[in-house]
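**Q** Here is my input; please provide its structure:
(one chain, ligands or ions: 1)
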Amino acid sequence: MKNKHLLSIKDLSIKDINKILLSAEKILKQKKTSKLNKFSNKNIINLFFEDSTRTLTSFELAAKQLGAGVINMSVATSSIKKGESLIDTAMTLNAMNPDILIVRHNMSGVPYLLSEKVRCSVINAGDGSNEHPTQALLDALTIKINKKRISGLEVAILGDVLHSRVARSNIYLLKKLGAKIRVIAPPTLLPSNIEGLGIKTFKNLEKGLEGVDIIMVLRIQKERMTGTYVPSEKEFFRFWGLDRKKLELAKKNALVMHPGPINRGIEIDSDVADDIGRSLILEQVKLGVAIRMAVIKELTS
Ligand code: NCD
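**A** Numbers count the residues shown, from 1 in each chain. Coordinates of the predicted model:
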């Protein structure tokens with residue numbers, strides 16, 4: 001990578017992306033016991049200002065699997081609670097000489113801001129509604145492994161696109177790799193600049209799912225909403241939630257993805273989410289560890 005940080009998919013070339021995907025595929029073939037001593041002198045700090053289950057655990061497991069040291073800073077018990085500013089916290093951590101700072105924050109741009117203040121590499125683990133680059137990389141790997149290609153595939157992103165950093169990073173990445181992207185959402189959950197991203201937009205779910213190879217379902221990000229964007233969860237599920245009947249509108253072998261956490265009965269029906277023949281949700285989680293190992297390797301080598 002030309003950049004020593006991973007802040008945005010926009011900073012990655014097709015070559016960078018393919019290198020990370022190949023490296024993750026190689027990691028998947030290795031035995032789990034083979035910790036790489038090369039990383040025993042590397043230290044990684046997870047600095048998560050927002051809730052996380054899979055991303056935080058995934059980065060921690062990835063670092064440990066490589067043999068690197070990893071610390072999860074608990075923001076709830078840190079000096080941030082005593083009024084220390086974000087930048088002071090980052091500079092304090094920087095003074096301890098970590099190799100990578102992994103940052104999640106509810107404000108767009110925070111990982112970028114911190115990358116300007118610290119000596120180490122910074123990985124964006126999700127900033128507000130902006131980007132979540134490692135999620136897009138693991139999603140690309142999941143598609144590549146299951147569909148044997150990415151280029152030319154019809155990928156639909158369904159649901160709360162407006163507030164989704166996962167949607168944005170996936171649009172940038174999958175477009176770079178030649179997939180055809182469409183978003184399907186009620187008008188209130190579509191960003192106003194969506195047309196500028198060069199993708200198709202569907203405000204009608206039935207039409208939107210026609211001919212689709214992959215359906216990426218998104219959670220309604222209530223925590224980022226200031227007003228009312230959907231009538232009720234029940235109604236949202238009726239019109240926009242992915243159930244078996246709606247899934248049948250897509251291609252016969254269409255596969256379902258979701259970055260998690262899933263809200264059953266709101267954006268996705270359990271019947272679809274738990275169908276191991278169609279749902280890649282748990283495989284996404286599994287591949288996330290390999291992708292994060294590949295990213296850590298790339299940034300520390
Ligand atoms: C996503 C996130 O935090 O952006 N989750 C994740 O990282 N796997 C999506 C979400 O919270 O809905």
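
**Q** what residues does the stretch 101-250 of the chain put near the ligand?
**A** The stretch 101-250 of the chain comes close to the ligand at residues Gly126, His132, Gln135, Arg165, Val166, Arg219, Gln221, as judged by C-beta under 6 Å from any ligand atom. C-beta: built from backbone N, CA, C; applies to glycine.

**Q** Just send those back as a markdown table, with neighbour count, secondary structure and pLDDT too.
**A** Below are these laid out as a markdown table (neighbours: other C-beta atoms under 10 Å; DSSP: H, G, I helix; E, B strand; the rest coil; pLDDT from 0 to 100):
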| residue | neighbour count | secondary structure | pLDDT |
| --- | --- | --- | --- |
| Gly126 | 26 | strand | 97 |
| His132 | 26 | coil | 98 |
| Gln135 | 27 | helix | 98 |
| Arg165 | 24 | helix | 98 |
| Val166 | 26 | helix | 98 |
| Arg219 | 19 | coil | 96 |
| Gln221 | 18 | coil | 85 |
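
**Q** How far off centre is stretch 212-219?
**A** Remark: stretch 212-219 is offset 13 Å from the chain centroid, using C-alpha atoms, centre = their mean, to the nearest Å.

**Q** contacting residues around it?
**A** Contact partners of stretch 212-219, identified using C-beta atoms under 8 Å, 6 or more residues apart in numbering, comprise 139, 143, 147, 153-161, 164, 166-167, 170, 182, 209, 242, 247, 250-251, 253-263, 266-268.

**Q** which among these end up buried?
**A** The neighbour-count test (16 or more other C-beta atoms under 10 Å) marks 139, 143, 147, 153-161, 164, 166-167, 170, 182, 209, 242, 247, 250-251, 254-260, 262-263, 266-268 as buried among the contacts of stretch 212-219.

**Q** among these, which are in helices?
**A** Those of the buried ones among the contacts of stretch 212-219 mapping onto helices are Asp139, Ile143, Lys147, Val166, Ala167, Asn170, Leu209, Leu247, per DSSP state H.

**Q** low-confidence ranges in this structure?
**A** Applying pLDDT under 70 to the chain picks out residues 1-3, 32-36, 229.

**Q** Okay, helices next: where are they in it?
**A** Using DSSP H, the helices of the chain run over 14-29, 54-66, 86-95, 110-115, 133-147, 165-176, 205-209, 233-240, 244-247, 270-273, 281-300.

**Q** Give me the buried positions along the fifth one.
**A** If I follow you right, that is helix 133-147. By 16+ other C-beta under 10 Å, the buried positions in helix 133-147 come out as 133-144, 147.

**Q** With the third one instead?
**A** Buried residues in helix 86-95, counting neighbours by 16+ other C-beta under 10 Å, are found at Leu86, Thr89, Ala90, Leu93, Asn94.

**Q** re earlier: and the furthest pair within the residues of the stretch 101-250 of the chain next to the ligand?
**A** For these, the maximum inter-member distance is 13.7 Å, found between Gln135 and Gln221 (C-beta to C-beta).

**Q** so what's the backbone phi/psi at the residue in the chain positioned nearest to the ligand?
**A** In the chain, the residue that lies nearest the ligand is Arg219 (3.6 Å; C-beta to the nearest ligand atom). Per-residue torsions, Arg219: phi -80, psi 150 (degrees, to the nearest 10).

**Q** Likewise for Asp275?
**A** With angles defined as degrees, to the nearest 10, Asp275 sits at phi -80, psi 100.

**Q** what's around it, how many residues?
**A** By other C-beta atoms under 10 Å, 14 other residues sit near Asp275.

**Q** residues in contact with it?
**A** Val256.

**Q** neighbours around the nearest residue to Val75 once chain neighbours are set aside, how many?
**A** Using C-beta to C-beta, 6 or more residues apart in numbering and skipping residues adjacent in sequence, the residue nearest Val75 is Phe49, 5.2 Å away. When neighbours are defined as other C-beta under 10 Å, Phe49 has 20 of them.

**Q** so Phe49 sits right up against Arg104, yeah?
**A** Yes - here Phe49 reaches Arg104: they are 6.2 Å apart, a contact under C-beta atoms under 8 Å.
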